[in-house]
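1. Structure, please.
(one chain, ligands or ions: 1)
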Amino acid sequence: MTWEPERLDDQRHLSDGDPGGMLPAVAAAAAHVRTGYRSAVEARVDRLAGMGRPRAVVVAGMGGSGIAGDIMAAAVGNGAPLPIITLRSYQLPGWVGATDLIIAVSGSGDTEETLAVATQAVRRGCTLLGVGAPGSPLEAIATQASAVYVPVPVSGQSRAAVWLLTVPLIVAAAALRLVPADQELFERVATALEDMAHRCRPSSESFVNPGKSLALDVAESLPVIWGSSAAASVAAYRLACQLNTNAKYPAIYGELPEAGHGQVATFDGPMAERDIFADAPAHALRLVVLRDVEEHPQLTRQREASLRLARDRDVPVTELAAEGTHPLERMASLILLGDYASTYLALGYAIDPSSVSAISELKARISQ
Ligand SMILES: O=P(O)(O)OC[C@H]1O[C@@H](O)[C@@H](O)[C@@H](O)[C@@H]1O
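-> Down below sits the predicted model:
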């Protein structure tokens, strides 16, 4: 698996090397926002308003589905009047009870961790909202419990349908008056995604294409990816996950200010000093910082100081700025940029961005 940057501008390779259609799926992000909104409205997610405000919201989901919970929490923001937690495992915490809302999200509607949590939620008398594939086991659990279920048309990998899976959660948050979000906001988000998709389109060459440029930055490095706000950190985490699953590439995720109390120490370590990739310039480590327009003033100082610290040590840096006024818009533009970059990184290594054979093998081994 060698890195060949010229592959990124070879149109034939970009289509033949992507048999699962990850690039077209990523390009459909804006359409996914609109469909996700329509699906939520049709499923009458607004019925949740009738339950009154829950004590807590727990979003259960794994991988490309679980990130929907993080996006929802960051879209509601720090002023949330209740805790919003993403649960990525098999068991509801002991404190969860009948006054809580559990949102089970699964693109396939058939992920064992998520089904286990949804079943426990029904048993404990919680309000359940399901989001996922139509006709799936998750829909069966929700229907049996007379819970609201939003069927969304996920075809292929959940990570390529993040907006189909996320928008119904934001609609639910709006119904509970946790965040103002109406059709106009979703239209703004869709427009921002269209704009980014245009800038990152396959036919746009590397030197003007932000998705390809980010892939070029990350290639042959060990990326350490930080966010400078809660919203930017969700995009940073998503980028690390997308590098893992699309490009089968390791990435280290961090969030300021915590990264400034730990990961920053790696700037003085062996990976910052020596290269582990043959024939590449020195310094394996690369710091990628996702900055937000709304940052705590101390986080702005930490971000700037960390970037200077890295540059003083000749650790290469990439800084990406979020765009938009609503946190959802800002996450959307950064997330889509990362979705493109991770797909281009895969294609530059001639790796199929859609396949995840190690994940399938792991699932097969635990099901025996
Ligand atoms: O998103 P669902 O279908 O619940 O699956 C959960 C996750 O499972 C993993 O093994 C991968 O396939 C992820 O891409 C996926 O998001």
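2. what residues are up against the most centrally placed residue in the chain?
-> With distances taken as C-alpha atoms, centre = their mean, the residue of the chain nearest its centroid is Arg238 (3.5 Å). By C-beta atoms under 8 Å, 6 or more residues apart in numbering, Arg238 lies in contact with Ile67, Asp70, Val162, Ile335, Gly338, Asp339. (Each C-beta comes from the backbone N, C-alpha and C, glycine too.)
3. could you pull out the helices for this structure?
-> 11-16, 22-27, 29-42, 63-76, 112-123, 137-144, 162-175, 183-199, 210-218, 230-247, 270-273, 297-312, 327-348, 357-367 (DSSP state H).
4. Would you format those helices as JSON lines with distance to Val131 and mean pLDDT included?
-> Converted to JSON lines, the helices of the chain look like this (distance: least, C-beta to C-beta, whole Å; pLDDT from 0 to 100):
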{"stretch": "helix 11-16", "distance to Val131": "31", "mean pLDDT": "97"}
{"stretch": "helix 22-27", "distance to Val131": "18", "mean pLDDT": "97"}
{"stretch": "helix 29-42", "distance to Val131": "8", "mean pLDDT": "98"}
{"stretch": "helix 63-76", "distance to Val131": "7", "mean pLDDT": "98"}
{"stretch": "helix 112-123", "distance to Val131": "10", "mean pLDDT": "98"}
{"stretch": "helix 137-144", "distance to Val131": "8", "mean pLDDT": "98"}
{"stretch": "helix 162-175", "distance to Val131": "5", "mean pLDDT": "98"}
{"stretch": "helix 183-199", "distance to Val131": "15", "mean pLDDT": "97"}
{"stretch": "helix 210-218", "distance to Val131": "27", "mean pLDDT": "98"}
{"stretch": "helix 230-247", "distance to Val131": "18", "mean pLDDT": "98"}
{"stretch": "helix 270-273", "distance to Val131": "39", "mean pLDDT": "84"}
{"stretch": "helix 297-312", "distance to Val131": "32", "mean pLDDT": "94"}
{"stretch": "helix 327-348", "distance to Val131": "16", "mean pLDDT": "97"}
{"stretch": "helix 357-367", "distance to Val131": "21", "mean pLDDT": "90"}
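5. mind putting the ones you listed in CSV, distance to the ligand included?
-> Output for the helices of the chain, formatted as CSV (distance: least, C-beta to the nearest ligand atom, whole Å):
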stretch, distance to the ligand
helix 11-16, 22
helix 22-27, 12
helix 29-42, 14
helix 63-76, 3
helix 112-123, 5
helix 137-144, 8
helix 162-175, 7
helix 183-199, 20
helix 210-218, 20
helix 230-247, 6
helix 270-273, 28
helix 297-312, 30
helix 327-348, 13
helix 357-367, 4
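6. May I have the beta-bridge partners of Ile225?
-> Tyr253, Val288 (DSSP bridges).
7. Tell me how far it lies from Trp3.
-> 19 Å (C-beta to C-beta, to the nearest Å).
8. Comparing these two, which residue is more hemmed in?
-> A direct count of neighbours by other C-beta atoms under 10 Å for Ile225 and Trp3 places Ile225 higher, at 28 against 16.
9. quick one: that one and Ala240 touch, right?
-> Yes - here Ile225 reaches Ala240: they are 5.2 Å apart, a contact under C-beta atoms under 8 Å.
10. Show me whatever sits in contact with both of those two.
-> In contact with both Ile225 and Ala240: Ala251, Ile252, Tyr253, using C-beta under 8 Å, 6+ apart.
11. quick one: contacts for the nearest residue to the second one once chain neighbours are set aside?
-> Read that as Ile252. Residue nearest to Ile252 in three dimensions, not counting chain neighbours: Val224, with 4.6 Å by C-beta to C-beta, 6 or more residues apart in numbering. With contacts defined as C-beta under 8 Å, 6+ apart, the neighbours of Val224 are Ala251, Ile252, Gly254, Ala259, Gln263, Thr266, Leu285, Arg286, Leu287, Val288.
12. May I ask which of the residues you listed comes out lowest in pLDDT?
-> Lowest pLDDT of these: Leu285, 90.
13. Give the full set of residues in contact with that one.
-> Leu285 makes contact with Ser221, Leu222, Val224, Thr266, Phe267, Gly269, Met271, Ala272, Val315, Pro316, according to C-beta under 8 Å, 6+ apart.
14. Gly135 now?
-> Gly109, Pro151.
15. Ends of stretch 260-267, what's the gap?
-> End-to-end distance for stretch 260-267: 11 Å, by C-alpha to C-alpha, to the nearest Å.
16. contacts for it?
-> 224, 226, 252, 254, 272, 285, 287, 302, 306, 309-310, 313, 315.
17. Can I get the residues you listed in TSV including distance to Gln183?
-> Shown next, in TSV, are the contacts of stretch 260-267 (distance: C-beta to C-beta, whole Å):
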residue	distance to Gln183
Val224	38
Trp226	34
Ile252	38
Gly254	35
Ala272	47
Leu285	44
Leu287	39
Gln302	37
Ser306	39
Leu309	44
Ala310	42
Arg313	48
Val315	44
